[in-house]
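>>> I'll drop the sequence and a predicted model, then ask my questions.
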Amino acid sequence: MILSNCPVIEPEELLEAFDEPLVIPRAYVPLTGGIAPALLLSALVTLTQDLEDQAQLPPGERGWLILSRIQWQSLTSLTRYEQEAARRALARRGFIDQKRVGMPARLAILLRPGVVADALRQQARSTYGAYVRARRPIEHVRG
């Protein structure tokens, strides 16, 4: 039974409202210095992992991601200027390498997961290190 005073939600409206979410691991925000670079890093990690999982890259080799500004905007909802600022922030921290390839020139981005992992490890140690050390069980000395 449909009540006359209840608004009807069209399927298109539901699809728009419940579109795919943007996911940012909370630790990426302080790691990168802001929401936009954290969002871009999250997208880069996901894309790189997807390529490796699909065996589109030789084992152990990471590839350069070449997406247009429009494709990045579709993935992240970041505007051109937000993308540029986010890439600068990630490059400044050494999380990505960038280069122009082809004619016409297109931007290629390489994620450096080892650098990201090291930075996450260091951030975790500075944030939680004292807590973890305090919670370690005391080792019994056998005598």
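Structure received.

>>> Next, name the residue at the spatial heart of the protein.
Ser42 (0.7 Å; C-alpha atoms, centre = their mean).

>>> Look up the closest residue to that residue, ignoring the ones flanking it.
Nearest residue to Ser42 in three dimensions, chain neighbours excluded: Ile24, at 4.9 Å (C-beta to C-beta, 6 or more residues apart in numbering). C-beta coordinates here come from the backbone N, C-alpha and C atoms, glycine included.

>>> And the pLDDT for the one you found?
pLDDT, Ile24: 95.

>>> and the strand or helix carrying the residue nearest to the centre of the chain, what does it pack onto?
Using DSSP states H and E, the element containing Ser42 is helix 35-53. If you count contacts as 3 or more C-beta pairs under 8 Å, 6 or more residues apart in numbering; DSSP states H and E, helix 35-53 packs onto helix 28-32, strand 65-66, helix 69-76, helix 80-92, strand 106-111, helix 113-135.

>>> ok, 7 Å please
Applying 3 or more C-beta pairs under 7 Å, 6 or more residues apart in numbering; DSSP states H and E, we find helix 35-53 packed against helix 28-32, helix 69-76, helix 80-92, strand 106-111.

>>> Can you check which of those gets nearest to Asp19?
Closest approach to Asp19 among the helices and strands packed on helix 35-53 (C-beta to C-beta): helix 69-76, 11.1 Å.
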